[in-house]
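A predicted structure for the sequence below; I have some questions about it.
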Amino acid sequence: MSACEDLATAPQDIEPLPPTDGCAECLAQGRRDWVHLRICLDCGHIGCCDFSPQRHAIAHFHNTSHPVIRSYEPGEDWRWCFVHEAMG
């Protein structure tokens, strides 16, 4: 695994804001067809992964420049930096 400054300074976890049981944008659109969920470690936004039809996690990165996400799947704790394409 590669290291980067964004991963080094990002928290390990964050509370989802607002609290939700799925991808915030998909739920607002009446969709539940995401594959996996990701949480932004800057603001707590929950978005769907790149394998999901809408790809809201990466769209959130492009809209906000928040660099680090964590898997929001049970039993997974990996983090990913979009800027440096590094896992940690």
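Sure, I can see it. These numbers were taken from a predicted model, which means no experiment stands behind them. Numbers count the residues shown, from 1 in each chain.

hey, let's count contacts and neighbours off CA atoms from now on
Will do.

ok, the most far-flung residue of the chain relative to its centre to residue 24 distance?
Most distant residue from the mean C-alpha position of the chain: residue 30, 19.7 Å away (CA atoms, centre = their mean). Residue 30 sits 10 Å away from residue 24, going by CA to CA, to the nearest Å.

tell me where the chain has helices.
5-9, 24-28, 56-64 (DSSP state H).

that older thread, quick one: contacts for the residue farthest from the centre of the chain?
For residue 30, the contact set (CA atoms under 8 Å, 6 or more residues apart in numbering) is empty.

so how far is residue 22 from it?
Applying CA to CA, one obtains 11 Å for the distance of residue 30 from residue 22.

and if you look at residue 69?
Residue 69 is 15 Å from residue 22, by CA to CA.

can you count the residues close to residue 14?
Counted with other CA atoms under 10 Å, residues neighbouring residue 14 total 15.

correct me if wrong: it contacts residue 41.
Yes: using CA atoms under 8 Å, residue 14 is in contact with residue 41, at 5.9 Å.

low pLDDT regions in this structure?
Residues of the chain meeting the criterion pLDDT under 70: 1-2.

the same query, at a cut-off of 90, please.
For the chain, residues meeting the criterion pLDDT under 90 lie at 1-3, 17-21, 88.

mind listing the strands for it?
Along the chain, counting by DSSP state E, strands occupy 37-40, 46-48, 68-71, 79-81, 86-87.

pull the CA atoms of stretch 45-57 into PDB?
The C-alpha trace of stretch 45-57 is given here as PDB (Å, rounded to 0.1, in the frame of the first residue of the first chain):
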ATOM      1  CA  HIS A  45     -21.200  12.200   2.800                       C
ATOM      2  CA  ILE A  46     -22.300   8.700   1.800                       C
ATOM      3  CA  GLY A  47     -22.000   7.900  -1.900                       C
ATOM      4  CA  CYS A  48     -22.100   4.900  -4.100                       C
ATOM      5  CA  CYS A  49     -19.000   3.300  -5.500                       C
ATOM      6  CA  ASP A  50     -17.600   3.300  -9.100                       C
ATOM      7  CA  PHE A  51     -19.300   0.000  -9.800                       C
ATOM      8  CA  SER A  52     -22.600   1.500  -9.100                       C
ATOM      9  CA  PRO A  53     -24.600   3.000 -11.900                       C
ATOM     10  CA  GLN A  54     -24.500   6.600 -10.600                       C
ATOM     11  CA  ARG A  55     -20.900   6.700  -9.100                       C
ATOM     12  CA  HIS A  56     -21.800   9.400  -6.500                       C
ATOM     13  CA  ALA A  57     -18.700   8.900  -4.300                       C
END
